[in-house]
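Q: Sequence first, predicted model second:
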Amino acid sequence: MSKELRYVVRILNTDIDGSLKVPYGLARVKGIGVNLGWAICIRAGIDPNMRIGMLTERQIERIEAVARNPEASGIP
């Protein structure tokens, strides 16, 4: 895992500022708000207080999987 902050991270075909916390960064994606961003973090097993730029590729893949099909992860 890289300890360096990436300044731009691409999640779900959207470029997101790496300095944002994960739920607020996910809110930049069309169709995802802050509350859904928090739910995605919890279901993906990611600390919501982490910065987007500190995520590993594996964590980004887990976020994308939950965001693409939230009902399968138990998000109503």
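A: Noted; the coordinates are in hand.
Q: for this structure, which spans come out with low pLDDT?
A: Scanning the chain for pLDDT under 70 picks out 1-2.
Q: Helices of that one, residue ranges please.
A: In the chain, helices defined by DSSP state H lie at 22-26, 34-44, 57-68, listed in chain order.
Q: out of the ones you listed, which comes closest to residue 50?
A: helix 22-26 (5.6 Å; Cβ to Cβ). C-beta: built from backbone N, CA, C; applies to glycine.
Q: From residue 48, how far off is the residue lying closest to residue 3 once chain neighbours are set aside?
A: Nearest non-adjacent residue to residue 3, counting by Cβ to Cβ, 6 or more residues apart in numbering: residue 54, 7.9 Å away. Residue 54 is 13 Å from residue 48, where distance means Cβ to Cβ, to the nearest Å.
Q: quick one, which of these two is more surrounded?
A: A count of neighbours by other Cβ atoms under 10 Å puts residue 54 above the other of residue 54 and residue 48, at 18 against 15.
Q: Can you name the residues that contact that one?
A: For residue 54, the contact set (Cβ atoms under 8 Å, 6 or more residues apart in numbering) comprises 3, 5-6, 18.
Q: ditto for residue 48
A: Counting by Cβ under 8 Å, 6+ apart, residue 48 touches 21-23, 37-38, 41-42.
Q: now it: how far from residue 13?
A: 22 Å.
Q: Quick check: end-to-end length of stretch 23-43?
A: Criterion Cα to Cα, to the nearest Å; first-to-last residue distance in stretch 23-43 is 12 Å.
Q: ok, residues contacting it?
A: The set of residues external to stretch 23-43 that reach it, using Cβ under 8 Å, 6+ apart, is 9, 11-12, 14, 16-18, 20, 22, 47-48, 52, 63, 66-67, 70, 73-75.
Q: What's the PyMOL syntax to select whichever of the residues you listed are buried?
A: Restricted to buried positions by 16 or more other Cβ atoms under 10 Å, the PyMOL selection for the contacts of stretch 23-43 reads:
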select buried, resi 9+11+12+16+18+20+22+52+63+66+67+70+73
